[in-house]
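> Next input, structure requested:
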Amino acid sequence: MPSPFDSNDWMWARAVEMLGEAERLHRRFFHIAGTERAIAGWEPPVDIFQDEREIVIIVAMPGVPAERVQVSNEGGALVVRGTRPLPASSTGHRVVQLEIPHGAFERRITLPAGPHHMSQPEVIAGCLVLRLTRVDEDRR
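Numbers count the residues shown, from 1 in each chain. This next block holds a predicted model:
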């Protein structure tokens, strides 16, 4: 007669096997073949404030160093791309809980029509702050 632990052992082995498969699929589908650049796996949340002269965009990116972020203007939208490394990945600690997204991210922010000048981006308290000033057509 099988012991009551046989089914638990089987379920545990199956769970570990499924986690390994999920990790393999994640690596396979979240990287572009032949390049180091990963496909965006998450979108950081943004807050946007606007008045008649300025647009202020705050992008939440906890744990993302400034050198891992790129901002570009692509067809009327600001695109913020970067990567957030997995924290404590080389310390030997086991993961107990992961809620903050990590890996490659991308956020597209549609801009209102008209020319804008963007000042130097800043990283403040884990957020990317972008300031865009509306350029008057008369001054151009």
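
> mind listing the helices for the chain?
Along the chain, counting by DSSP state H, helices occupy 5-29.

> give the contact list for the spatially most central residue of it.
The centroid of the chain falls nearest to residue 105 when counting by C-alpha atoms, centre = their mean (2.8 Å). By C-beta atoms under 8 Å, 6 or more residues apart in numbering, the contact set of residue 105 is 40-44, 61, 80-84. Every residue, glycine included, has its C-beta placed from N, CA and C.

> bridging residues for it?
Legend: beta-bridge partners of residue 105 under DSSP bridges are residue 42, residue 82.

> how near is it to residue 51?
As defined by C-beta to C-beta, to the nearest Å, residue 105 lies at a distance of 28 Å from residue 51.

> Kindly report the same for residue 40.
Residue 40 is 30 Å from residue 51, where distance means C-beta to C-beta.

> More neighbours: those two, which one.
Neighbours were tallied for residue 40 and for residue 51 using other C-beta atoms under 10 Å; the higher tally belongs to residue 40 (16 against 8).

> what's around the nearest residue to that one once chain neighbours are set aside, how many residues?
Nearest residue to residue 40, sequence neighbours excluded (C-beta to C-beta, 6 or more residues apart in numbering): residue 106, at 3.6 Å. Neighbours of residue 106 under the rule other C-beta under 10 Å: 16.

> OK, contacts around residue 106?
By C-beta under 8 Å, 6+ apart, the residues touching residue 106 are 40, 43, 79-81.

> Touching, residue 53 and residue 133? I think so.
Yes - assessed by C-beta atoms under 8 Å, residue 53 is found in contact with residue 133 at 6.3 Å.

> and the protein, what are its domains?
Domain ranges of the chain: 1-30, 38-139, per automatic domain parsing.

> any chance of those domains in TSV, plus mean pLDDT?
Shown next, in TSV, are those (pLDDT from 0 to 100):
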stretch	mean pLDDT
domain 1-30	64
domain 38-139	88
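
> out of the ones you listed, deepest packed?
domain 38-139 (a mean of 13; mean count of other C-beta atoms under 10 Å).

> what separates that domain from the chain centre, distance-wise?
How far domain 38-139 lies from its chain's middle: 8 Å, per C-alpha atoms, centre = their mean, to the nearest Å.
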